[in-house]
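Peer 1: Based on what follows, work out the 3D shape:
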Amino acid sequence: MASIDAVIIADERDPASPGMQIAQTHDVDRAPFFVVDDAGTIRIYTVYFKFVNEVLGRPTSKKAENQELLRDNPQLDFI
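Peer 2: Here you go, the predicted structure:
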């Protein structure tokens, strides 16, 4: 949490909620998502493990990343 400036809730029942406004601004349609402002360069992460690995610098396993991708994208399947 030391690396996170704010946690904002997107209340789907209220399109005017701060999180819904941010999601609309960045064309994000899934949660959770992370907005990273790196010296004025905005990056959006919709995959938690990618955010943890790239931004927080904590290693994650490929298995955990792949499980999240499959869970968030039911149209995909194992080969």
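
Peer 1: What is the neighbour count of the residue nearest to Ala31 when sequence neighbours are not counted?
Peer 2: In this structure, Ala31 finds its nearest non-sequential neighbour in Ala10, 6.0 Å apart by Cβ to Cβ, 6 or more residues apart in numbering. From N, CA and C alone the C-beta is placed, and that goes for glycine too. Per other Cβ atoms under 10 Å, the neighbour tally for Ala10 reads 18.

Peer 1: In which helix or strand does Ala10 reside?
Peer 2: For Ala10, there is no helix or strand it lies in under DSSP states H and E.

Peer 1: correct me, but it touches Met20?
Peer 2: Yes - counting by Cβ atoms under 8 Å, Met20 is a contact partner of Ala10 at 4.8 Å.

Peer 1: Which neighbours do those two have in common?
Peer 2: Shared contacts of Ala10 and Met20 (Cβ atoms under 8 Å, 6 or more residues apart in numbering): none.

Peer 1: what phi and what psi does the backbone show at the closest residue in space to Asp29 that isn't next to it in sequence?
Peer 2: Nearest non-adjacent residue to Asp29, counting by Cβ to Cβ, 6+ apart: Ala23, 7.1 Å away. When read as degrees, to the nearest 10, the backbone of Ala23 gives phi -60, psi -40.

Peer 1: Name the spans of this structure whose pLDDT lies under the cut-off.
Peer 2: The model of the chain has pLDDT under 70 over residues 1-3, 58-61, 64-65, 76-79.

Peer 1: longest single helix anywhere in the chain?
Peer 2: Counting by DSSP state H, the longest helix found in the chain is helix 62-72.

Peer 1: chain center to that one, what's the gap?
Peer 2: Centroid separation for helix 62-72 versus its chain: 13 Å, with Cα atoms, centre = their mean, to the nearest Å.

Peer 1: Likewise for stretch 4-21?
Peer 2: On Cα atoms, centre = their mean, the centre of stretch 4-21 falls 13 Å from the chain's centre.

Peer 1: cool, stretch 30-38 as well?
Peer 2: 4 Å.
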